[in-house]
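**Student:** this one's sequence-less:
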Ligand SMILES: O=C(O)c1ccccc1N[C@@H]1O[C@H](COP(=O)(O)O)[C@@H](O)[C@H]1O
């Protein structure tokens, strides 16, 4: 079995590391300094950190300089997302030295711009497919963004290298990942998929590792780590054992 990558999440709102429930603004629990959180994941053995500017995703502000300083302080790969929607924000995000950026709203609202970004930057661009049922969500998950499988077909045709698939209804709930959704998305695209939303236990990590053969490359883990459901070293050890 291929080793499942784990991407501990650091979502930032108003300068603090937070976790939301189902992406709802105002539902956050705060976990302090984002740099401390990211460095803790790195010390615990993370090979990736998933770093999100929630204020930029909601269109209510920006933590751009803070996130750039977090990326600069880390030695591990960073997937950076939130508010990357035009040439200027894309250039600034890539200039942080992150390994890749994750486009959400722009992939749905500015398909031509997104296609150009994919063509220019290859696998430094992933697209986040934030899903309720089979409908996509944009702008901090507050706006309707079209049909999942139509969008996936379009992005595949444009050469999108990778997808980050979040079941919004699971995110931050500790209710387990949506394995059926992941199976369906993997059946619909040949490109690798990063799973996101709902991970609550080492059994969930085991179940996700069981999907590497069909295209699940990794999983974002957020609330479960912050809430102490398991530790990152335990989860990393499990992915090694299962590989
Ligand atoms: O990650 C979250 O918990 C989250 C919650 C609510 C809205 C967005 C969220 N995250 C990520 O934001 C980017 C999308 O940003 P944009 O649409 O490109 O500005 C994407 O990674 C979402 O998964």
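**Tutor:** Sure, I can see it. Being a predicted model, the structure only gives us computed values, none of them experimental.
**Student:** what's the pLDDT at the residue lying closest to residue 123 once chain neighbours are set aside?
**Tutor:** In space, and not counting its chain neighbours, residue 123 is closest to residue 161: 3.9 Å by C-beta to C-beta, 6 or more residues apart in numbering. The C-beta positions use only the backbone N, C-alpha and C, and glycine is treated the same way. In this model, residue 161 is scored at 98, pLDDT.
**Student:** checking residue 161 next. Helix, strand or coil?
**Tutor:** Put simply, residue 161 is coil when judged by DSSP: H, G, I helix; E, B strand; the rest coil.
**Student:** start the count at 37, not 1, going forward
**Tutor:** Got it, first residue is 37 now, which makes that one residue 197.
**Student:** quick check: it vs the ligand, distance?
**Tutor:** 15 Å (C-beta to the nearest ligand atom, to the nearest Å).
**Student:** residue 57 versus whatever residue of the chain ends up closest to the ligand, what's the distance?
**Tutor:** Residue nearest to the ligand within the chain: residue 140 (2.7 Å; C-beta to the nearest ligand atom). Using C-beta to C-beta, to the nearest Å, residue 140 is found at 18 Å from residue 57.
**Student:** neighbour count: the two, which is higher?
**Tutor:** residue 140 (28 against 14; other C-beta atoms under 10 Å).
**Student:** can you pull the contacts of the more buried one?
**Tutor:** 93, 117-118, 120, 163-164, 166, 174 (C-beta atoms under 8 Å, 6 or more residues apart in numbering).
**Student:** how about a cut-off of 10 Å?
**Tutor:** Residue 140 makes contacts with 88, 93, 117-121, 162-166, 172-177, 181, 200, 202, as judged by C-beta atoms under 10 Å, 6 or more residues apart in numbering.
**Student:** which of the residues you listed are close to the ligand?
**Tutor:** When these are checked against the ligand using C-beta under 6 Å from any ligand atom, the ones in range are 88, 93, 117-121, 164, 166, 174, 176-177, 202.
**Student:** a markdown table for these, including neighbour count, secondary structure and pLDDT?
**Tutor:** Formatted as a markdown table, these follow (neighbours: other C-beta atoms under 10 Å; DSSP: H, G, I helix; E, B strand; the rest coil; pLDDT from 0 to 100):
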| residue | neighbour count | secondary structure | pLDDT |
| --- | --- | --- | --- |
| 88 | 28 | strand | 98 |
| 93 | 26 | helix | 96 |
| 117 | 26 | strand | 98 |
| 118 | 28 | coil | 98 |
| 119 | 26 | coil | 98 |
| 120 | 26 | coil | 98 |
| 121 | 22 | coil | 98 |
| 164 | 28 | strand | 98 |
| 166 | 25 | strand | 97 |
| 174 | 20 | strand | 94 |
| 176 | 22 | coil | 90 |
| 177 | 23 | coil | 88 |
| 202 | 26 | strand | 97 |
